[in-house]
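S.K.: Sharing a sequence plus its predicted fold:
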Amino acid sequence: MSETPRFGPAGLSDSYPAKAFDPEGIAAYTAGFGLTAFEYQCGRGVRLAHDKAAALGKACAARGIALSVHAPYYISMSSLEEEKRLHSIDYILQSCALVKALGGRRVIFHSGSCGKQSREQALEKALDTMRRTVEACDAAGFGDCILCPETMGKVNQLGTLDEVLALCGVDGRITPCIDFGHLYARSQGTEYAGESAAADYAALLDRLQVLGAERAAHFHAHFSRIAYTKGGEKCHLTLADTEYGPPHLPLLALLKERGLAPTIICESAGTQAEDAQALSRAYAAL
């Protein structure tokens, strides 16, 4: 486990030149930015063949790049329909199989929305689905995978910090994916912004201690600037788009001060590798 943060992109930036799947090219491109993490995107389905995944994993491992998988967006652990909840377990199992083929361990997923039920009812269903997912992972031989429920950016989505921590309480292997841009957007810019940003980041890092020292130090994270509306998240931006937050320097300073070592995946719009490099360099310069 790394003792300093890992930085990497969510998928490939617009600047990536090739169109065909090229494991060596992807690994070399990512390493060229000085990055040590890469999150393979399966938002629209788990479609990468395992032999290709193994080749990418080998190429990345040779360059010290840790791989994770973002599971399909249509997972809904809180759905009113049991069939959708069961399908969600299957999608996570597919993602676990892929991350193991890649040589990684972490699977990041969205837990769903509240829909026409209360937040409490939605969380109750998600907790039940989470327990069943852990059991299914163990039965399928994926007990070494780390499931990472993500904090979400839209107000009606299940994914406040407290809700994610509740899901992490189901099993000691479940580790949060803290999307700082999502939390900023769902607060409509009232948190993780301006003069209060450092205090808000500090309070969040304090809350993670409920998970124990290991998970609190090595949590998963997404970072990008995000525009928002009354409903929360509108769209991802780049670090150059400074009209919206959240700011990165107060967070990076706290991570270094506290000796924390999360994996930070940059989800900037089209410049994720370039902006991940900027985050890495900013951290190194502190």
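M.R.: Yep, that arrived.
S.K.: What does the residue lying closest to Ala61 once chain neighbours are set aside show for phi and psi?
M.R.: Once flanking residues are discounted, Ala61 sits nearest to Gly103: 5.7 Å by CB to CB, 6 or more residues apart in numbering. Backbone N, C-alpha and C define where each C-beta goes, glycine included. Phi and psi for Gly103, reported as degrees, to the nearest 10, are phi 80, psi 10.
S.K.: can you tell me which residues contact Gly103?
M.R.: Going by CB atoms under 8 Å, 6 or more residues apart in numbering, Gly103 touches Ala54, Gly57, Lys58, Cys60, Ala61, Leu67.
S.K.: can you give me the helices for the stretch 151-286 of the chain?
M.R.: 161-168, 180-186, 197-207, 213-217, 249-258, 272-285 (DSSP state H, counting those that start in this stretch).
S.K.: The second one: how far from the chain's middle?
M.R.: Between the mean C-alpha point of helix 180-186 and the mean C-alpha point of its chain there is a distance of 13 Å (CA atoms, centre = their mean, to the nearest Å).
S.K.: just the shortest one next, same as before
M.R.: Going by CA atoms, centre = their mean, the spacing between the C-alpha centre of helix 213-217 and its chain's C-alpha centre is 16 Å.
S.K.: Point out the most buried one among the helices of the stretch 151-286 of the chain.
M.R.: helix 180-186 (a mean of 27; mean count of other CB atoms under 10 Å).
S.K.: Show the secondary-structure elements that that one is packed against.
M.R.: strand 220-223, strand 226-229, strand 232-236 (3 or more CB pairs under 8 Å, 6 or more residues apart in numbering; DSSP states H and E).
S.K.: Mind listing what's buried along the longest one?
M.R.: What that stands for is strand 232-236. Gly232, Glu233, His236 (16 or more other CB atoms under 10 Å).
S.K.: check contacts around the second one.
M.R.: Pointing back at Glu233 there. Glu233 sits in contact with Met152, Gly153, Lys154, Gly181, His182, Ala185, Arg186, Ile226, Ala227, where contact means CB under 8 Å, 6+ apart.
S.K.: confidence score at the first one?
M.R.: Translated: Met152. If you check Met152, the pLDDT there is 98.
S.K.: Quick check: the nearest residue to it once chain neighbours are set aside vs Asp51, distance?
M.R.: Taking CB to CB, 6+ apart, and ignoring the residues beside it in sequence, Met152 has Gly159 as its nearest neighbour in space, at 2.8 Å. Distance, Gly159 to Asp51, using CB to CB, to the nearest Å: 34 Å.
S.K.: Where does Ser15 fall, secondary structure wise?
M.R.: Of the helices and strands defined by DSSP states H and E, none includes Ser15.
S.K.: circling back: for the buried residues of strand 232-236, could you give me TSV that also reports distance to Ala202 and pLDDT?
M.R.: As requested, those are exported to TSV (distance: CB to CB, whole Å; pLDDT from 0 to 100):
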residue	distance to Ala202	pLDDT
Gly232	23	97
Glu233	23	98
His236	25	98
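S.K.: what stretches of the protein score poorly on pLDDT?
M.R.: 1 (pLDDT under 70).
S.K.: And the strands in it, which stretches?
M.R.: In the chain, the strands defined using DSSP state E lie at 6-9, 37-41, 66-70, 106-109, 146-149, 177-179, 220-223, 226-229, 232-236, 263-266.
S.K.: Let me have those strands in JSON lines, adding distance to Tyr192 as columns.
M.R.: Formatted as JSON lines, the strands of the chain follow (distance: least, CB to CB, whole Å):
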{"stretch": "strand 6-9", "distance to Tyr192": "19"}
{"stretch": "strand 37-41", "distance to Tyr192": "21"}
{"stretch": "strand 66-70", "distance to Tyr192": "22"}
{"stretch": "strand 106-109", "distance to Tyr192": "20"}
{"stretch": "strand 146-149", "distance to Tyr192": "19"}
{"stretch": "strand 177-179", "distance to Tyr192": "11"}
{"stretch": "strand 220-223", "distance to Tyr192": "11"}
{"stretch": "strand 226-229", "distance to Tyr192": "10"}
{"stretch": "strand 232-236", "distance to Tyr192": "13"}
{"stretch": "strand 263-266", "distance to Tyr192": "15"}
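S.K.: check contacts around Gly112.
M.R.: Ile75, Ser76, Met77, Ser78, Ser79, Ser88, Ala122, Ala126, Gln157, Leu158 are the contacts of Gly112 under CB under 8 Å, 6+ apart.
S.K.: hmm, 7 Å instead?
M.R.: Ile75, Ser76, Met77, Ser78, Ser79, Ala126, Leu158 (CB atoms under 7 Å, 6 or more residues apart in numbering).
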